[in-house]
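> Build me a model:
(5 chains)
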Amino acid sequence: MAAAALDELKRQGSGFTVVRYTVPGIKDLPVASRILFEEQKCDIVIALGMVGRLPVDKDCALVTDYGLQLVQAQAGRHILGVMVHEDEAKDDAELAFLFDRRAREHAINCYDLLFRPEELRKRAGTGQREGFADAGPVRVK
Amino acid sequence: MAAAALDELKRQGSGFTVVRYTVPGIKDLPVASRILFEEQKCDIVIALGMVGRLPVDKDCALVTDYGLQLVQAQAGRHILGVMVHEDEAKDDAELAFLFDRRAREHAINCYDLLFRPEELRKRAGTGQREGFADAGPVRVK
Amino acid sequence: MAAAALDELKRQGSGFTVVRYTVPGIKDLPVASRILFEEQKCDIVIALGMVGRLPVDKDCALVTDYGLQLVQAQAGRHILGVMVHEDEAKDDAELAFLFDRRAREHAINCYDLLFRPEELRKRAGTGQREGFADAGPVRVK
Amino acid sequence: MAAAALDELKRQGSGFTVVRYTVPGIKDLPVASRILFEEQKCDIVIALGMVGRLPVDKDCALVTDYGLQLVQAQAGRHILGVMVHEDEAKDDAELAFLFDRRAREHAINCYDLLFRPEELRKRAGTGQREGFADAGPVRVK
Amino acid sequence: MAAAALDELKRQGSGFTVVRYTVPGIKDLPVASRILFEEQKCDIVIALGMVGRLPVDKDCALVTDYGLQLVQAQAGRHILGVMVHEDEAKDDAELAFLFDRRAREHAINCYDLLFRPEELRKRAGTGQREGFADAGPVRVK
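This is a model prediction of the structure:
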């Protein structure tokens, strides 16, 4: 996932440096983000992880999300959580596709938050969901 | 949604400036609110977002709400969360109606918190639910 | 509810001033409490609200409770949350009865925390549940 | 429960003073613990409470636990939560038995954390569950 | 569990000192970790515990995880939570096996976070799940 995100960031433009920090599991992402903000002076974090199929994995994801909120509130900087749930895909090929697509979409969001906030506003309310096909904007008949 | 909220705020009165900040997803709203409080010196935030139909979307909404509590407790300033759940409406027209109505009602609440707290007290306990018809106050027979 | 709480507080004694702060919804209670502690120098807060019948309302109540814990931990002062759930009562008359009774019981608790802590200790472990009839203390046969 | 905990603490040894603080409900325990840490300079808190049978009571317990985590993280001091759930016992006699036993076991833990940390290490991993009979350590056949 | 973790840490290398802190239950792990960070100047914590079979035990685990997030966000240092759920194993032998294996895997992660971050990156995305057999990396056909 990290490779796809990195590739997409470079496609969008330049003017940034990337620091990678690998952690053992998704629950380690929040404190790693804090370390990236504090010690590495990062301006934004893309937190990538995979969520398993078991109920205990879902609890992990919830706790991780909670920790990401804590660290963001503390740092006043964005963390874009890119979680792919194993049960979103029917096989490994689809999972790999989802990984790639979602990482790229969040990389674009990351770039826009830093350098092109006006692009985010244009896409707001168009109902884009990461991965698979978009659902399209609300149309009043 | 943002357009309806803005329009309604202007209808209520003046004496304020609006700063818009678009984020990729609802989970990005809490830290965006903190940035609006800290860097843009905002006095109050209206956080608008849509919540999808999937269980994972409901978890997103819960985590967002949690983050909004964190940021409010930290800043000592109000964030009015305006979330519309996709499954509240039977079609896009109804969804658009709900968006508009709820955004306007929260815009009024926002204006009242800042400029007309006595109006909020008048409406307290009258059981108004945002969107659709109000349920009416408790009547002792 | 606020009226019943106020009336009961006055029945218990004097030596205090009451500051009212009305908010649009229950999720706004935690930050309002923080504002009452910080800006109005309040020593304690009674947070009154009604919780609807829908699952989304239950989530609201949970998030509110969470926020109330955050603000209390921060301020080191008590917030007595008085939540009445719509589905606790079979009709409006019962709901009004519950509102009144629970608000009064918490007003007494509030007064005792401030002025008569020994009264709280006397009632401890007697299994009093707010509203309806009390369940009575544990009796070893 | 408080009486059993106090009695057991005295049986274990001396060198400590006990400060009691009674609160209206379990959700008031976290902030009371913070007050005991800050204003009464307590080194540790035993938080005793009963959890009712209703779903709303279970939510209360969860929110309380959450608040206890918040206050402990803030203070860097232990709070031993002693919660007895009404539905753990089939009648009042069993409930009273559980109250007494669990309060005593936590009082011993409390004493050990302060004065005999080596005792805690000896008991670690022996699968002791408070109240009822212990389950015994893992045995590899 | 602690013995297996310690043994594995020593197998990986040297240059560290281990401080042990035993607590009565898993919910005491977060504040103990904070004490280890603050008073013992630890750089990382391995928090080991067992989670019972009852719903109340699952809530305990969730609250513990939440507390661990709080303390990590505060300290900016990692806590590796090693929780074994009683119902993951069919008997005591399997439980003991899981304890040992998972403790060792997290000990390696711990060592790598401190001394060999490049090793973590190599293993990233290979879908290793602690205990039992690994599931293997995603293969695009």
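> rest of the way, CA atoms for contacts and neighbours
OK.
> Leaving out sequence neighbours, find the closest residue to A:P117.
B:T22 (7.2 Å; C-alpha to C-alpha, 6 or more residues apart in numbering or on different chains).
> isn't there a strand covering the one you found?
No. Using DSSP: H, G, I helix; E, B strand; the rest coil, the secondary structure at B:T22 is coil, not a strand.
> Enumerate every residue touching it.
A:117, A:120-121, A:124 (C-alpha atoms under 8 Å, 6 or more residues apart in numbering or on different chains).
> With A:V23 instead?
A:V23 touches A:29, A:32, E:113, E:120-121, E:124, counting by C-alpha under 8 Å, 6+ apart.
> And these, which two are furthest apart?
A:A32 and E:A124 (14.6 Å; C-alpha to C-alpha).
> of those two, who's got more company?
Counted by other C-alpha atoms under 10 Å in any protein chain shown, A:A32 and E:A124 do not tie: A:A32 has more neighbours, with 23 against 17.
> so how far is E:E86 from the residue of chain A found nearest chain E?
Across chain A, the shortest distance to chain E (C-alpha to the nearest C-alpha) belongs to A:A93, at 4.7 Å. Distance, A:A93 to E:E86, by C-alpha to C-alpha, to the nearest Å: 34 Å.
> Between these two, tell me which one has more neighbours.
E:E86 (18 against 14).
> partners of the residue sitting nearest the centre point of chain A in the sheet?
In chain A, the residue lying closest to the centroid (C-alpha atoms, centre = their mean) is A:V82, at 2.9 Å. Per DSSP bridges, residues listed as beta-bridge partners of A:V82: A:L48.
> Do I have it right that it meets A:R104?
No. Under the criterion of C-alpha atoms under 8 Å, A:V82 is not in contact with A:R104, lying 9.9 Å apart.
> does A:L80 sit in a helix, a strand or a coil?
strand.
> Give me the neighbour count for the nearest residue to it once chain neighbours are set aside.
Excluding the flanking residues, the one nearest A:L80 by C-alpha to C-alpha, 6+ apart is A:I46, at 4.8 Å. Residues near A:I46, counting by other C-alpha under 10 Å, number 20.
> So A:I46, which state does it fall into?
Once three-state DSSP is applied, A:I46 turns out strand.
> any idea how far the residue nearest to the centre of chain A lies from A:A124?
19 Å.
> What of A:V84?
22 Å.
> do A:A89 as well
From A:A89 to A:A124 the distance is 26 Å (C-alpha to C-alpha).
> Also A:L98?
22 Å.
> What residues of whichever helix or strand A:R102 is part of count as buried?
Element membership of A:R102 [criterion: DSSP states H and E] is helix A:92-115. Using 16 or more other C-alpha atoms under 10 Å in any protein chain shown as the test for burial, helix A:92-115 gives A:94-96, A:98-113.
> Same check on stretch A:5-20?
A:5, A:8-9.
> got these as a markdown table, with pLDDT columns?
Compiled in a markdown table, these are given as follows (pLDDT from 0 to 100):
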| residue | pLDDT |
| --- | --- |
| A:A5 | 95 |
| A:E8 | 97 |
| A:L9 | 97 |
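> Now, these that are in helices?
Secondary structure assignment by DSSP state H places A:5, A:8-9 of the buried residues of stretch A:5-20 in helices.
> got JSON lines for the residues you listed, with distance to C:L68 too?
Shown next, in JSON lines, are those (distance: C-alpha to C-alpha, whole Å):
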{"residue": "A:A5", "distance to C:L68": "39"}
{"residue": "A:E8", "distance to C:L68": "42"}
{"residue": "A:L9", "distance to C:L68": "40"}
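> If we only consider those residues, which is nearest to D:G76?
A:A5 (38.8 Å).
> was I right about that closest one contacting A:Y111?
No. With contact defined as C-alpha under 8 Å, A:A5 does not count as touching A:Y111 (10.6 Å).
> quick revisit: out of the contacts of B:T22, grab the one that's most surrounded.
That'd be A:L120 among the contacts of B:T22, by other C-alpha under 10 Å, with 19 neighbours.
> The closest residue to A:M50 other than its chain neighbours: what secondary structure?
Setting aside the residues directly before and after it, A:M50 is nearest to A:V84 in space (C-alpha to C-alpha, 6+ apart), at 4.9 Å. Three-state secondary structure (criterion: three-state DSSP) places A:V84 in strand.
> Can you report how many residues neighbour A:V84?
A:V84 has 21 nearby residues by other C-alpha under 10 Å.
> In this structure it contacts A:R53, no?
No. A:V84 lies out of contact with A:R53 (C-alpha under 8 Å); the separation is 10.8 Å.
> export the helix or strand that the helix holding A:R102 is followed by as CSV, just CAs?
Toward the C-terminus, helix A:92-115 is succeeded by helix A:117-123 as the next helix or strand (DSSP H and E). Only the C-alpha atoms of helix A:117-123 are listed here, as CSV (Å, rounded to 0.1, in the frame of the first residue of the first chain):
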residue,chain,number,x,y,z
PRO,A,117,-7.4,22.8,-0.7
GLU,A,118,-9.6,24.2,-3.5
GLU,A,119,-9.6,20.8,-5.2
LEU,A,120,-11.1,19.2,-2.1
ARG,A,121,-13.9,21.7,-2.1
LYS,A,122,-14.7,20.9,-5.7
ARG,A,123,-15.1,17.2,-4.9
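> by contact count, what packs against helix A:117-123?
helix A:92-115 (3 or more C-alpha pairs under 8 Å, 6 or more residues apart in numbering or on different chains; DSSP states H and E).
> The helix it packs on close to chain B?
Yes. Applying C-alpha under 8 Å from any C-alpha of the partner chain, one finds that helix A:92-115 is in contact with chain B at A:109, A:113.
> interface residues of chain A facing chain B?
Residues of chain A lying near chain B (C-alpha under 8 Å from any C-alpha): A:62, A:65-66, A:69-70, A:72-73, A:76-80, A:109, A:113, A:117, A:120-121, A:124, A:138-141.
> Could you identify the buried members of those residues?
Applying 16+ other C-alpha under 10 Å to those flags A:62, A:65-66, A:69-70, A:72-73, A:76-80, A:109, A:113, A:117, A:120-121, A:124 as buried.
> any weak-confidence spans in chain A?
Counting by pLDDT under 70, chain A has low-confidence residues at A:125-141.
> what's near enough to touch the closest residue in space to A:N109 that isn't next to it in sequence?
If the residues on either side of it in the chain are set aside, A:N109 comes closest to B:P24, at 6.3 Å by C-alpha to C-alpha, 6+ apart. B:P24 sits next to A:109, A:120, A:124 when contact means C-alpha under 8 Å, 6+ apart.
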